[in-house]
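*Asks:* Any chance you can model this:
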Amino acid sequence: MKKVLQLFLLSFSFSIQAKNYNVLDYGAKGDGITKDTQAVQKAIDLCSKEGGGKIIIPSGKRVLIGTIYLKDFVTLYLENGSILLGSPNYSDYTTDTHKNTYKNEPHMDRCLIFAHNARSFSIEGKGTIDANGHPENFTKEKGGRPMMLRFLNCNDIHLRDVTLINPAAWTSAWLYCNEIVVDGIKIISRVNHNGDGLDFDGCTNVKVSNSSFDTSDDSICLQTSRADKPCKDITITNCVFTSKWAAMRFGLASRGDFESVTVSNCTFHDILDSGLKIQMNEGGEMKNMIFSNIVMKNVPRPIFMTFCQQRAGVDAPIEMIPMKAMHGFLFENIIVDNRDLDKNTAIFITGMPKHYISDIQLKNIQMTIAGGGTKEDAKKKDIKEFTLETLGNWWPEFSKVGTLPASGIFARHIDGLAIDNVHINIINKDARKPVVFDDVLNGSAKNIFVNRKSVK
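*Replies:* Take a look at the predicted model:
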């Protein structure tokens, strides 16, 4: 009898947890023309008030909305074949959804889906969120370009299986959140500018896996816009990236610390700028990161690391914060195929004079490059530093430097660099050395091969 009662209570509990709230039952038309914002929000509010459940966006429906607010214990569930469609009218996006944290970008303050101080909520299902962010709807000049998702000070968030397309700006901004799982999603953000994929700002305990990204800007970003909000305990694995800018950027906005990050088992292809872009600017400390088992094709600057000073965040002080530390990086088991690109495809790692990046290992790396470096390139000494005078009011980008005197790896202002087992296959004649050190303390390079021949 006791066992029967337990089974009944378990069944009863499950039925309560699994309660569904179909938005059509709350007044949504789902025709892609009628604005269904109020109906969807009504279902969300009731669901959260009653203890949680699923907000159903049904198959075959196009549910048009302006800004909606996710709340505690709510799962926004998009059935296969459903579309949650962003309104093309900027006035349908509310002004109480926090802000974009980067300087000079208030036109990206609004968003489609927002959550603040919410816990245990999800966006799931095989359906699609289409933010409808085409330039005919949203430009800076027309008022602004809303982001798709923004979550602020939230805990226990799941984003699973959905397809996210056509944001007018970033696909998502996660600010100061904890316990995040992103799994099995697809992001396509090519229709407008600054189309970042996943931007984690001051977030902890983040797990991203089994997802694909096709973005007009950085596919994944880790950043820290507040000094008291670190970005740490991050894992990214089993993902595929293509981007008009970087596959992954770590830093830039970097007032807080970064710690304990692993990236593994990923492929990058057809990236315009850099593969792994790791940049400390604003006074935080960055340490203990591992990047392993990565394949890149057509990815200039497979690894691009900079340590300098530049104000990135809208809330950062005007005066430059003293530089702290950037140390403890391991890159291993990486294949790069850049045979179809130009000669500027080297790994580039640079600190500043008296501000060194320290403790870096590059192991088991195979690179195929086009080559073409001249004797003049090989003799180049005036590699610009990433100083305020060089950068002005802009980011530390490779365009500020130009061609490097190394065909494979150029390292500058580093203390503690170990390079081991690097194979560089060069298609065209190149007069540059494969590896060049400039102001590298405690550095070593061994087992370096060019076109299968060992070099010293």
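*Asks:* so for whichever strand in the chain runs longest, what's the average pLDDT?
*Replies:* The strand that spans the most residues within the chain, counting by DSSP state E, is strand 406-426. Taken as a whole, strand 406-426 has a mean pLDDT of 98.
*Asks:* got the buried residues for it?
*Replies:* 406-417, 419, 422-426 (16 or more other Cβ atoms under 10 Å). No exception for glycine: its C-beta is placed from N, CA and C like everyone else's.
*Asks:* just stretch 35-55 next, same as before
*Replies:* By neighbour count on 16+ other Cβ under 10 Å, the buried set for stretch 35-55 is 35-37, 39-44, 47-48, 52-55.
*Asks:* Check stretch 119-137 too.
*Replies:* Along stretch 119-137, these residues count as buried under the neighbour rule (16+ other Cβ under 10 Å): 121-133, 137.
*Asks:* Could you save those as CSV and add columns showing distance to residue 183 and pLDDT?
*Replies:* Rendered in CSV, the data for the buried residues of stretch 119-137 read as follows (distance: Cβ to Cβ, whole Å; pLDDT from 0 to 100):
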residue, distance to residue 183, pLDDT
121, 15, 98
122, 11, 98
123, 12, 99
124, 10, 98
125, 13, 98
126, 13, 98
127, 16, 98
128, 17, 99
129, 16, 99
130, 21, 99
131, 21, 98
132, 25, 98
133, 24, 98
137, 30, 98
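*Asks:* partners of the longest strand of the chain in the sheet?
*Replies:* Using DSSP bridges, the strands paired with strand 406-426 in its sheet are strand 347-350 (parallel), strand 357-369 (parallel), strand 433-450 (parallel).
*Asks:* hang on, the earlier thing: pick the one among the buried residues of stretch 119-137 closest to residue 379.
*Replies:* Set against residue 379, the nearest of these by Cβ to Cβ is residue 133 (47.5 Å).
*Asks:* Spatially nearest residue to that closest one, not counting backbone neighbours?
*Replies:* Nearest non-adjacent residue to residue 133, counting by Cβ to Cβ, 6 or more residues apart in numbering: residue 168, 2.9 Å away.
*Asks:* Surely that neighbour is in a helix?
*Replies:* No: the assignment for residue 168, made by DSSP: H, G, I helix; E, B strand; the rest coil, is coil rather than a helix.
*Asks:* That one contacts residue 142, doesn't it?
*Replies:* No: Residue 168 lies out of contact with residue 142 (Cβ atoms under 8 Å); the separation is 10.0 Å.
*Asks:* Compare the strands paired with strand 406-426 and give me the one nearest residue 256.
*Replies:* Shortest distance between residue 256 and the strands paired with strand 406-426, using Cβ to Cβ, is found for strand 357-369: 18.3 Å.
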